[in-house]
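In: heads up, no residue letters with this:
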């Protein structure tokens, strides 16, 4: 055997051995470094946790102070603690004697809890019934219901507890509201659509109406800005405030929105009582257009047409926005503006059986229909009062447009509108008296999302087939 080959082979073997040892040593060093990093992170987490517990503990005595302002200050301080340590004392504050303190604690909890911690909160509220005044448990539940924290699952668990009659009725009504909202969202395919997308934050819906309730956690999280064009301090109009939740309501709250992942721009052009001027409305539309809102939802109507408003809508359309408007609650064929303007998607209302809602306007100027009875209101002396109207059907359509656009943000407003209209469920058979007067049919969100998803995939495949092969930079 050639000695040179032997020497070469030995050299190669030695080099491989040394190289292997170097790799092994490097791996061991990396493992050691990873363990040290993990240990440091655990130590850091423990220190943070200890710091949170110490801070929480320092505020606990103030929650029992006789001064309401001191207790409120304690709740505000606990709200600034991001960790889970603040959850139990905040939940305990839900039975405070002061409604202000209870509501502030509820909002603090809603900001940080949507799933795991809700179990602990419900358990604490249930414990109030065992050793404290049942009225305080009812007040605590009311605070949670106001901000939409309990889900159907949590309320069902709460109802298994031995409850005072008034508290049970309150919890049952809240549960019915959740289930009715869920029923509507299932009917139009929203819940299935959420498996595909819940919306993208770059898609902004401008709600032009009576303002939104910024104290609600899901609305506050989605809100880009609220512009007050009326300088009105009376608070939001009830219909507009609820319409906002139907668009961006959190999936684990009492009102699930159609597109919880999109953003909301509120253009307040109406007072809390619903009054407003054409100039204020035009200002709201113009601002929404300039802000780049993809969807502009006009949540109001009048029998009078304004040329200036029509021009503002045309400008928004030319800028690439999809304008959606409620068809009105007149119950007849009279045209309602802005819904009847050109370049506007007019939305009528249907009932739970896919029939035209008694109150809904209709006619050959309608583009699409959607459920107009999405939730229950507060209990009245006559029983349960339903919130209903084309404000709500319009908000469902606006949210659906945002969801469809989220599938393909590069799509045009015309493509999004076409997906919604072409996929709508035909209503003529169920509404022979109103055949051809409820637009393309009832909103079908899942079908619209699937349609634009398929179209987008097909377009990408066509582009891939027609694109020339990339050239080799080296000329090979």
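Out: Ah, there it is. For clarity, every value in this text was computed on a predicted model and none was experimentally measured.
In: the residue nearest to residue 159 when sequence neighbours are not counted: neighbour count?
Out: Leaving aside its sequence neighbours, residue 159 sits nearest to residue 171 (C-beta to C-beta, 6 or more residues apart in numbering; 5.4 Å). C-beta: built from backbone N, CA, C; applies to glycine. For residue 171, the count of nearby residues is 22 (other C-beta atoms under 10 Å).
In: which helices and strands sit right next to whichever strand or helix holds residue 171?
Out: Per DSSP states H and E, residue 171 falls inside helix 165-187. With contacts taken as 3 or more C-beta pairs under 8 Å, 6 or more residues apart in numbering; DSSP states H and E, helix 165-187 sits against helix 134-146, helix 152-159, strand 375-380.
In: mean confidence (pLDDT) on it, please.
Out: Here helix 165-187 scores 79 as its mean pLDDT.
In: how about it: buried residues?
Out: 167, 170-171, 173-175, 177-178, 180-182, 184-185, 187 (16 or more other C-beta atoms under 10 Å).
In: before we move on, what about stretch 77-96?
Out: Buried residues in stretch 77-96 (16+ other C-beta under 10 Å): 78-79, 81, 85-96.
In: rounded mean pLDDT for it, please.
Out: 79.
In: relative to the whole chain's centre, how far out is it?
Out: What separates the centre of stretch 77-96 from the centre of its chain is 24 Å, taken as C-alpha atoms, centre = their mean, to the nearest Å.
In: stretch 440-452 too?
Out: The answer for stretch 440-452 is 19 Å, by C-alpha atoms, centre = their mean.
In: now tell me what touches it from outside.
Out: With C-beta atoms under 8 Å, 6 or more residues apart in numbering as the test, stretch 440-452 has contacts from 188-190, 192-193, 196-197, 258, 350, 354, 367-371, 393, 396-397, 400, 403-404, 407-408, 411, 415-416, 419-428.
In: outline the domain layout of the protein.
Out: 50-187, 190-460 (automatic domain parsing).
In: so which of those domains is the most packed in?
Out: When you average the neighbours per residue for each of the domains of the chain (mean count of other C-beta atoms under 10 Å), domain 190-460 leads with a mean of 21.
In: those helices in the stretch 301-450 of the chain, which residues are they?
Out: With DSSP state H, counting those that start in this stretch as the criterion, the stretch 301-450 of the chain has helices at 307-318, 390-407, 413-422, 445-466.
In: nearest to residue 264, out of these?
Out: helix 390-407 (9.4 Å; C-beta to C-beta).
In: helices and strands of the chain: which one has the lowest mean pLDDT?
Out: strand 375-380 (a mean of 43; mean pLDDT, DSSP states H and E).
In: quick revisit: a markdown table for the helices of the stretch 301-450 of the chain, including distance to residue 359 and mean pLDDT?
Out: Converted to a markdown table, the helices of the stretch 301-450 of the chain look like this (distance: least, C-beta to C-beta, whole Å; pLDDT from 0 to 100):
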| stretch | distance to residue 359 | mean pLDDT |
| --- | --- | --- |
| helix 307-318 | 24 | 97 |
| helix 390-407 | 8 | 96 |
| helix 413-422 | 23 | 96 |
| helix 445-466 | 23 | 82 |
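In: can you put these in CSV and add distance to residue 142?
Out: Converted to CSV, the helices of the stretch 301-450 of the chain look like this (distance: least, C-beta to C-beta, whole Å):
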stretch, distance to residue 142
helix 307-318, 41
helix 390-407, 24
helix 413-422, 38
helix 445-466, 32
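In: which one, of those helices, ends up nearest to residue 240?
Out: Between the helices of the stretch 301-450 of the chain, helix 390-407 lies closest to residue 240; by C-beta to C-beta that is 7.2 Å.
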